[in-house]
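S.K.: can't give you the sequence, but here's the structure:
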């Protein structure tokens with residue numbers, strides 16, 4: 001009897017060991033499941049990269065040519081994205097255009113924060129830094145590009161109202177950022193105590209967008225320098241000049 005119990009117990013252990021030995025093999029599908037879960041993540045990253053490429057090339061083309069004359073086919077070709085993929089990312093050309101504006105706004109907000117938020121420079125020095133940085137960018141692209149918002153604003157008569165409202169909102173956000181900078185200049189004494197920071201900021205952006213257009217027409221930085229120097233002459237008791 002004792003021997004039978006031992007054998008029976010050994011049989012149970014053997015079975016357990018046998019089942020245990022099989023478990024590592026059954027674990028393989030778990031790894032496969034993990035890989036299956038990871039695959040969509042890689043695909044999503046690839047899709048995200050493709051969308052970024054479309055927005056990047058769209059920004060370049062819309063800045064050079066405008067919305068109406070830019071074809072989706074060319075955007076896809078330059079981005080290296082298959083033709084049939086466009087409507088996976090955007091329902092229409094208008095939605096694509098709105099996404100380009102949003103992406104440009106985010107990019108420009110970072111640029112403006114880097115320049116106008118630089119506490120190591122005085123407020124008017126920051127405005128000067130912005131002007132000089134922008135002139136380098138315009139010259140870099142041989143006066144073919146200017147400001148996306150300004151360019152699209154010239155097409156407003158042929159664009160949907162949602163475009164018009166969005167472009168105006170972007171311009172107002174830029175005015176707000178420069179207003180904050182100029183208010184700091186009033187507090188520090190760099191601008192006159194009775195200066196109107198909001199009015200000066202509004203004047204700057206209205207004039208600056210016009211100067212960009214004129215610079216593109218003449219293919220020369222002179223209109224930008226002329227406007228900037230006039231702005232500084234009126235804003236500060238110690239005028240600075242852009243050369």
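M.R.: The structure has been received and is ready for your questions. In this text the structure is predicted, and so the values were computed from the model without any measurement.
S.K.: make it CA atoms for all contacts and neighbour counts henceforth
M.R.: Will do.
S.K.: isn't there a helix covering residue 185?
M.R.: Yes. Counting by DSSP: H, G, I helix; E, B strand; the rest coil, residue 185 is found in a helix.
S.K.: Pretty sure it sits against residue 122.
M.R.: Yes. Residue 185 is in contact with residue 122 according to CA atoms under 8 Å; the separation is 7.3 Å.
S.K.: more neighbours, those two?
M.R.: residue 185 (22 against 17; other CA atoms under 10 Å).
S.K.: For residue 115, which non-adjacent residue is closest in space?
M.R.: Spatial nearest neighbour of residue 115, chain neighbours left out: residue 126 (6.0 Å); criterion: CA to CA, 6 or more residues apart in numbering.
S.K.: The strand or helix carrying residue 181: how far from the chain's middle?
M.R.: Assigning secondary structure by DSSP states H and E places residue 181 in helix 161-188. Between the centre of helix 161-188 and the centre of its chain there are 17 Å (CA atoms, centre = their mean, to the nearest Å).
S.K.: If we go by neighbour counts, what in it is buried?
M.R.: Using 16 or more other CA atoms under 10 Å as the test for burial, helix 161-188 gives 163-164, 167, 170-171, 174-186.
S.K.: Do a quick rundown of the helices in the chain.
M.R.: 2-26, 28-65, 72-79, 86-89, 93-116, 123-140, 148-153, 161-188, 197-218, 222-235 (DSSP state H).
S.K.: could you point out where this structure is predicted with low confidence?
M.R.: 1-48, 237-241 (pLDDT under 70).
S.K.: how does it look with 80?
M.R.: Along the chain, segments meeting pLDDT under 80 span 1-48, 84, 156-157, 159, 236-243.
S.K.: how about the helices of the chain, which one is nearest residue 243?
M.R.: helix 222-235 (6.9 Å; CA to CA).
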